[in-house]
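In: Following is a predicted model, sequence given first.
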Amino acid sequence: MTDQTGVIVAEGTTGPEAAETVGQAQSLTQEAWRELRRNPLFVISLILITVFIVMAIFPSLFTNADPNKAILKLSNSAPSKDAWFGRDLQGYDVLARTVYGARASIIVGIMTTLVTGFLGVLIGTIAAYYGGILDTLVMRLTDIFFAIPFLLGGILFMSTFPNDVNSSYWSVVGKVVLALSILGWPSIARLMRGAVLQVKPNDYVQAARALGASPWRIIRSHILPNAMAPVMVVSMINLGAYIAAEASLSFLGIGLVPPAISWGVAISDSLNLIRTAPWILIFPSIFLSLAVLAFIMLGDAVRDAFDPKGR
Amino acid sequence: MTKYVIRRLLQMIPVVIGSTFLIFAMVFALPGDPLRGKCGERPCPPAFVAEFRAQHNLDDPLFLRYFKYLGDLLHGDLGTTYQGLNILDELQKRYVVTVKLAVIAMLFEALIGVLAGVLAGIRKGKFIDNLVLVTTLVVISIPTFVIGSVSQTVFGVKLHWFPVTVKSNPGWYDLLLPGLVLGSLSLAYAARLTRTNLAENLRADYVRTAVAKGLSRSRVIGVHTLRNSLIPVVTFLGADFGGLLGGAIITERIFNIRGVGGYIFQSIHSRDGTAVVGAVTMLVIVYLLMNLIVDLLYGVLDPRISHD
């Protein structure tokens, strides 16, 4: 198996060139930042992400309606002045449900990215730095995880620890995060291992070692800053993918469950009504897609900016 | 070459053992009683319970159960479901369907994806490039189950172009729409991957040499550049084939296809551990074999890569 399988989604990544270009009139970071500010995709995705994060923290800024107020009399009613996005089967306001649903998706996305990032960077760095039997073991372990289809693993995990109506919000969200993290860390670990292996033979790392720096110090101040770029980019792109994965699990009925409000749950409930009340499907889908899109575009833009070959 | 293949096959063994054990342990931990509701309204008679549990090794500890399972697996015996059906027979029936579905998705990805990627890559920054980039982004950002349900409603229910749901013994045409839906996400990735690599390789020295030699544009792009740019794409598609088999769960559910994904999902629900592990074991083996084939293909695409 090649190391490429882990990074493949990222369409090639930025190498640790940052180290080589320091000392020129303008550092790569400065140049990349200037490039980024002029990239409309970067600006748009940043605005979208900000909006979604604000929406996740303060949903009441975006709607006055109560997402838990069901008016059965108005079940499946079309968008109107009263309820801009219409009402669903239970008579819930779709706008309110969609706005409040941002929280679950954003939390799952960010938490999963943090957990996979932490585990992946830790395990990948240790494997690459110490090498030998440890490295072999970690690589075989990632092979094992890669061989299990992502969705299947998620389904099995969620079925092993099922939710019911009485499960608290955080335990439900936590389980989804845990399921996605367990399956997601190997790709980050491989990516990190590759990056560290590229940085390790550099002169400045050898010099630090010759000066008697401790492994922890070498890793922290010499290796990590120069090997983090690919992981950061892929993590941003993955964040979008995790949001989509959470929705897929909810679609299968084993991710988040009501009373948790989430885009995945809303979309999966709406699919039966796709012909009679399409607005119940359309609005949460648009929000979900925009959120996924924003993180992917951000990752793409950052990668292009840090990749001097792409200019 | 032969030595390489044998070494790779041997390396697969620990991966197969590890991943099946992982699945086995998770299935082992599934809550719920497989005997619930099996004897109708009344609880099952104790003699039946005892025999059932002994037959399926339900009272053994995890490791013992796993070793018994592995022993059977080495004899080509995947065991029986709790209903007494032979799992190998069941899987064969379903693999025919899922493989068909995955092949359609794969062809769709390889043909349309690479074509779109080439068109975008050779005109980087032009209209067609932006069109491909925007379209693929849209496809990537919409979840598969939304694409599936909407295309089922539009092309199946409204326009009657394709069957709405798939019958139990489907032909190629029945599986066309589900196959396209299944392949859409990977198609987008394949197109972007082809574009990035092609655009990068077009600036390589050997391409300038080829142009300077006076070769036609189609030969420069089609032979000199594309062949070199396809290695990551082939890697992606190969790894994806295994993913398509397992990831077809959602598509199979929407279009009511009786394939492997649906089988696994249903078996998880009925707490039928042996069936889940058997089906996943097959998926893992297919995935690993595909990876081996991809690595062998590298040598064909780039003769500098040799496996001796």
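Out: Cool, the structure landed.

In: domains in chain B, as residue ranges please.
Out: Segmentation of chain B into domains, based on automatic domain parsing, reads B:2-74, B:93-269.

In: can you tell me which of those domains the model trusts least?
Out: Mean pLDDT per stretch puts domain B:2-74 lowest among the domains of chain B, at a mean of 78.

In: Now do the end-to-end distance for it.
Out: Length of domain B:2-74, first residue to last, CA to CA, to the nearest Å: 23 Å.

In: Whether it contacts chain A - can you check?
Out: Yes: remark: domain B:2-74 sits within contact range of chain A at B:14, B:15, B:16, B:18, B:19, B:22, B:23, B:26, B:27, B:29, B:30, B:31, by CB under 8 Å from any CB of the partner chain. C-beta: built from backbone N, CA, C; applies to glycine.

In: Check stretch B:259-267 too.
Out: Yes: on the criterion CB under 8 Å from any CB, stretch B:259-267 is in touch with chain A at B:261, B:264, B:265.

In: Redo the residues you listed as a markdown table? Include distance to residue B:45 and secondary structure.
Out: Compiled in a markdown table, these are given as follows (distance: CB to CB, whole Å; DSSP: H, G, I helix; E, B strand; the rest coil):
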| residue | distance to residue B:45 | secondary structure |
| --- | --- | --- |
| B:261 | 36 | helix |
| B:264 | 31 | helix |
| B:265 | 31 | helix |
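
In: circling back to that earlier point, highest average neighbour count across the domains of chain B?
Out: Greatest average neighbour count among those goes to domain B:93-269 (a mean of 20), per mean count of other CB atoms under 10 Å in any protein chain shown.

In: Report the separation between the two terminal residues of that domain.
Out: By CA to CA, the extent of domain B:93-269 from end to end equals 20 Å.

In: Tell me where chain B has helices.
Out: B:2-28, B:46-55, B:62-74, B:87-108, B:114-122, B:127-141, B:144-151, B:176-201, B:205-212, B:217-219, B:226-247, B:249-254, B:260-269, B:273-301 (DSSP state H).

In: These into CSV, with extra columns for distance to residue A:105?
Out: Converted to CSV, the helices of chain B look like this (distance: least, CB to CB, whole Å):
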stretch, distance to residue A:105
helix B:2-28, 25
helix B:46-55, 42
helix B:62-74, 36
helix B:87-108, 27
helix B:114-122, 29
helix B:127-141, 13
helix B:144-151, 14
helix B:176-201, 18
helix B:205-212, 44
helix B:217-219, 46
helix B:226-247, 20
helix B:249-254, 18
helix B:260-269, 23
helix B:273-301, 28
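
In: Closest residue of the stretch 201-308 of chain B to chain A?
Out: residue B:246 (2.8 Å; CB to the nearest CB).

In: quick one: contacts for the residue nearest to that residue when sequence neighbours are not counted?
Out: Distances taken as CB to CB, 6 or more residues apart in numbering or on different chains place residue A:149 nearest to residue B:246, at 2.8 Å, with adjacent residues excluded. Neighbouring residues of residue A:149 by CB atoms under 8 Å, 6 or more residues apart in numbering or on different chains: B:242, B:243, B:245, B:246, B:247, B:280, B:283, B:287.

In: do the same with residue B:228
Out: B:201, B:204, B:301, B:302.

In: In those residues, find the pair that's most separated.
Out: B:204 and B:301 (15.4 Å; CB to CB).

In: Touching, residue A:172 and residue A:258? I think so.
Out: No: judged on CB atoms under 8 Å, residue A:172 makes no contact with residue A:258 at a distance of 10.0 Å.

In: ok, the two, which is more surrounded?
Out: Set side by side, residue A:172 and residue A:258 show more neighbours around residue A:172, with 21 against 13, by other CB atoms under 10 Å in any protein chain shown.

In: Test for you: state the pLDDT assigned to the more buried one.
Out: In this prediction residue A:172 is given a pLDDT of 82.

In: which SSE is it in?
Out: Taking DSSP states H and E as the definition, residue A:172 sits inside helix A:169-199.

In: list the contacts for the closest residue to residue B:279 other than its chain neighbours?
Out: Using CB to CB, 6+ apart and skipping residues adjacent in sequence, the residue nearest residue B:279 is residue B:264, 4.9 Å away. Residues counted as contacts of residue B:264 (CB under 8 Å, 6+ apart) are A:152, A:155, B:246, B:249, B:275, B:276, B:279, B:280.

In: Identify the residues contacting the residue in the stretch 51-200 of chain B that chain A sits nearest to.
Out: The nearest approach of the stretch 51-200 of chain B to chain A comes at residue B:141, 3.9 Å away (CB to the nearest CB). Contacts for residue B:141 (CB under 8 Å, 6+ apart) come out as A:240, A:244, A:289, A:290, A:292, A:293, A:296.

In: near chain B, from those?
Out: Restricting those to those touching chain B (CB under 8 Å from any CB) yields A:240, A:244, A:289, A:290, A:292, A:293, A:296.

In: Number of residues surrounding the fifth one?
Out: Other residues lying near residue A:292 total 25 when counted by other CB under 10 Å.

In: what's the closest non-adjacent residue to residue A:48?
Out: Per CB to CB, 6+ apart, closest to residue A:48 is residue A:294, 3.8 Å.

In: Which residues of the stretch 201-311 of chain A lie near chain B?
Out: A:240, A:244, A:247-248, A:251-252, A:267-268, A:271, A:274-275, A:281, A:285, A:288-290, A:292-293, A:296-297, A:309-310.

In: Kindly report the same for the stretch 51-200 of chain A.
Out: Residues of the stretch 51-200 of chain A lying near chain B (CB under 8 Å from any CB): A:140-141, A:143-152, A:155-157, A:159-160, A:162.

In: Just the helices from the stretch 51-200 of chain A, written as ranges.
Out: A:94-130, A:132-147, A:150-160, A:169-199 (DSSP state H, counting those that start in this stretch).

In: weakest of these in terms of mean pLDDT?
Out: When the helices of the stretch 51-200 of chain A are compared on mean pLDDT, helix A:150-160 scores lowest, with a mean of 83.

In: Can you convert the contacts of residue B:264 into a markdown table and add a column each for distance to residue B:102?
Out: Formatted as a markdown table, the contacts of residue B:264 follow (distance: CB to CB, whole Å):
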| residue | distance to residue B:102 |
| --- | --- |
| A:152 | 15 |
| A:155 | 18 |
| B:246 | 10 |
| B:249 | 12 |
| B:275 | 20 |
| B:276 | 20 |
| B:279 | 14 |
| B:280 | 16 |
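
In: what's in contact with stretch A:150-164?
Out: Here stretch A:150-164 makes contact (CB under 8 Å, 6+ apart) with A:145, A:171-172, A:175-176, A:178-180, A:182-183, A:245, A:248-249, A:252, A:254-257, B:23, B:26-27, B:29-31, B:243, B:246-247, B:249-250, B:261, B:264-265, B:268-269, B:276, B:280, B:283.

In: returning to what we had before: out of the contacts of residue A:149, which comes closest to residue A:229?
Out: residue B:243 (26.6 Å).

In: Pull up the per-residue confidence for the residue lying closest to that closest one once chain neighbours are set aside.
Out: Distances taken as CB to CB, 6+ apart place residue A:149 nearest to residue B:243, at 5.9 Å, with adjacent residues excluded. As predicted, residue A:149 sits at a pLDDT of 80.

In: ok, residue A:214 to residue B:108 distance?
Out: Noted for residue A:214: a distance of 53 Å to residue B:108, by CB to CB, to the nearest Å.
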